[in-house]
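K.L.:
using only what follows, build the 3D model:
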Amino acid sequence: MTTSAMHHRVLIIGGGSAGVSVAARLRRARVDDIGLVEPSDTHYYQPLWTLVGGGCAPAKESARPQASIMPPGVAWIKDAALDIDPDNRTVTTAAGARVTYDQLVVCPGIQLDWEKIPGMAEALRTPAVSSNYTYDLAPKTWQLIRDLRSGTAVFSMPAGPIKCAGAPQKIAYLAADHWRRQGVLGDIRIVLVLPTPGMFGVREFAEELERVAARYGIEVRTSSEVTEIDGEGRRIVVTDHAGGTREDIGYDLLHVVPPQSAPDWIKATALADPGSPAGYVEVDKHTMRHVRHSNVFALGDAGSTPNSKTGAAIRKQAPVVARNVVAAMRNQPLPASYGGYASCPLTTARGRTLLAEFDYTMRPTPSFPLIDTTRERKDMWYLKRYGLAALYWNLMLRGRA
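P.N.:
Numbers count the residues shown, from 1 in each chain. All right, here's what the predicted structure looks like:
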């Protein structure tokens, strides 16, 4: 294969919400010669997939052509990045192209490690197992929920950082609410397996979620993980890390969430955090600049910042990265700082949502100070179902929010 070479003043790896948002903001700041590396034809609004799995939205509503959301004036390199050499300021792509840069923004997203839990990848091909973490499987989740009238339903969450850490709980509550409406909730045992010691990392939201779980009669296993899956036999092993015990549970419905990490190719670069097996790009948690390479920035799910990996976090990180990239291009001090803001709209029923907002302090940081967002609310449901998607497509991806 012959190789080609090109150069951009700013090169962005990843055309998801982070990459497109930063590109749009840089263009609005009149930065020219921006290249964006992204192989996909389709762009997904992934927060909708929980509602797809819960029977509250069609999957097609989450997808749009990648070409339709690319900022004007940005060179789309329709290829996949495979390596970064920060010393020589070079990115190598799957097609063999070598792209050099002055400033690099790394946001390739997160990797779903289905193989890390024995039996998980194989179980997804069986009739009773699904996951809202892929576009293709989210509709299957709703089919399983709709068809179940009795038996045991298990909803699991892995250890370690994952994108949208509330999603494993959200689908359990939407399923329970559906079964309640159908009059079969009393015939279904619901088990929620969480690796954390509590329902949520912020006390106010954890207390509300405990009330929600109790209302539905959900058995919550904290400090626990699903460590083995027998898809054909419809059985799982749940390991309690606090008590050191293992429990074998049969299921009629299983919703799984895979462990997650930086893409393998990122782990192999000099940008990865050497102290973390997950291999996230090691950045200063406030400036988003790499700790060893001053012309490299990272944001989104592949960055090492210790916040929750959510779209709302990216919405706050993107303007920080854009402003700091412009400053770095001018050899000026970095003016912008990210405070760790993240938001997780936790759907607790069809028509009810708890809006959890917090930052590095792990304290509530509400955007709506006149209303109590630490409780389930109907208006927050409409924000989740319609408002946030409109904000995403019309403002965030255009560098306006």
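K.L.:
which stretches of the stretch 101-250 of the chain have low pLDDT?
P.N.:
Across the stretch 101-250 of the chain, nothing is flagged by pLDDT under 70.
K.L.:
just the strands from it, written as ranges.
P.N.:
111-112, 129-130, 151-156, 188-193, 219-221, 224-230, 235-240, 245-250 (DSSP state E, counting those that start in this stretch).
K.L.:
and these, which is most packed in?
P.N.:
The highest average neighbour count among the strands of the stretch 101-250 of the chain, using mean count of other C-beta atoms under 10 Å, belongs to strand 129-130 at a mean of 26. The way it works is simple: take the backbone N, C-alpha and C, and place the C-beta from them, glycine included.
K.L.:
can you list the strands that that strand pairs with?
P.N.:
Strand 129-130 pairs in its sheet with strand 253-255 (parallel), by DSSP bridges.
K.L.:
quick check: next helix or strand after the strand it pairs with?
P.N.:
Heading C-terminal from strand 253-255, the first helix or strand you meet, by DSSP states H and E, is strand 260-261.
K.L.:
mind listing residues that contact the next helix or strand after that following strand?
P.N.:
Sequence order places helix 264-267 as the next helix or strand after strand 260-261, per DSSP H and E. Under the criterion C-beta atoms under 8 Å, 6 or more residues apart in numbering, residues 81-84, 106, 108, 111, 261, 272, 278-281, 302 lie in contact with helix 264-267.
K.L.:
can you lay out the strands of the stretch 101-250 of the chain as CSV showing distance to residue 312?
P.N.:
Shown next, in CSV, are the strands of the stretch 101-250 of the chain (distance: least, C-beta to C-beta, whole Å):
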stretch, distance to residue 312
strand 111-112, 21
strand 129-130, 25
strand 151-156, 23
strand 188-193, 23
strand 219-221, 25
strand 224-230, 26
strand 235-240, 31
strand 245-250, 34
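K.L.:
of all those, which one is nearest residue 308?
P.N.:
strand 111-112 (17.1 Å; C-beta to C-beta).
K.L.:
given that closest one, what are its sheet partners and their directions?
P.N.:
strand 260-261 (antiparallel).
K.L.:
run the chain-centre distance for the strand it pairs with.
P.N.:
With C-alpha atoms, centre = their mean, to the nearest Å as the basis, strand 260-261 stands 10 Å off its chain's centre.
K.L.:
list the contacts of the residue lying closest to residue 61 once chain neighbours are set aside.
P.N.:
Ranked by C-beta to C-beta, 6 or more residues apart in numbering and with sequence neighbours excluded, the top spatial neighbour of residue 61 is residue 48, at 6.3 Å. Residue 48 sits next to 57, 59, 61-62, 389 when contact means C-beta under 8 Å, 6+ apart.
K.L.:
which one of those residues sits closest to residue 184?
P.N.:
Nearest member of the contacts of residue 48 to residue 184, counting by C-beta to C-beta, is residue 57, at 22.7 Å.
K.L.:
tell me the contacts of the closest residue to residue 299 other than its chain neighbours?
P.N.:
Spatial nearest neighbour of residue 299, excluding adjacent residues (C-beta to C-beta, 6+ apart): residue 317 at 4.2 Å. Listed by C-beta under 8 Å, 6+ apart, the contact set of residue 317 reads 18, 288, 299-300, 303, 305, 338.
K.L.:
and for residue 279, the neighbour number?
P.N.:
For residue 279, the count of nearby residues is 22 (other C-beta atoms under 10 Å).
K.L.:
looks to me like residue 100 is in a strand.
P.N.:
Yes - remark: residue 100 belongs to a strand, assigned using DSSP: H, G, I helix; E, B strand; the rest coil.
K.L.:
so what's it bridging to?
P.N.:
residue 7, residue 90.
K.L.:
what's the answer for the one 5 residues further on, then?
P.N.:
Taking DSSP bridges, one finds residue 12, residue 297 as the beta-bridge partners of residue 105.
K.L.:
now do the contacts for it.
P.N.:
10-13, 19, 22, 296-299, 321, 325.
K.L.:
try 7 Å
P.N.:
10, 12, 22, 297, 321, 325 (C-beta atoms under 7 Å, 6 or more residues apart in numbering).
K.L.:
one more: residue 193?
P.N.:
154, 156-157, 221, 224-226, 238.
K.L.:
just the contacts of residue 48: which are in helices?
P.N.:
residue 389 (DSSP state H).
K.L.:
which among the contacts of residue 48 end up buried?
P.N.:
Buried subset of those (neighbour count, 16 or more other C-beta atoms under 10 Å): 57, 59, 62, 389.
K.L.:
look at the spatially closest residue to the first one that is not a sequence neighbour and give its secondary structure.
P.N.:
This means residue 57. Spatial nearest neighbour of residue 57, chain neighbours left out: residue 51 (4.0 Å); criterion: C-beta to C-beta, 6+ apart. Three-state assignment for residue 51 (three-state DSSP): helix.
K.L.:
now residue 51: how far from residue 100?
P.N.:
42 Å (C-beta to C-beta, to the nearest Å).
K.L.:
higher neighbour count, these two?
P.N.:
Counted by other C-beta under 10 Å, residue 51 and residue 100 do not tie: residue 51 has more neighbours, with 26 against 16.
K.L.:
show me the helices in the stretch 51-200 of the chain, by range?
P.N.:
Taking DSSP state H, counting those that start in this stretch as the test, the helices found in the stretch 51-200 of the chain are 66-69, 120-123, 138-147, 167-182.
K.L.:
tell me the bridge partners for the residue most central in space within the chain.
P.N.:
When C-alpha atoms, centre = their mean is applied to the chain, the residue found nearest the centroid is residue 163 (2.5 Å). For residue 163, the beta-bridge partners are residue 309 (DSSP bridges).
K.L.:
and the chain, what are its domain boundaries?
P.N.:
5-110+262-338+393-398, 114-259 (automatic domain parsing).
K.L.:
list the contacts of residue 272.
P.N.:
Counted by C-beta under 7 Å, 6+ apart, residue 272 has contacts 262, 266, 279-282.
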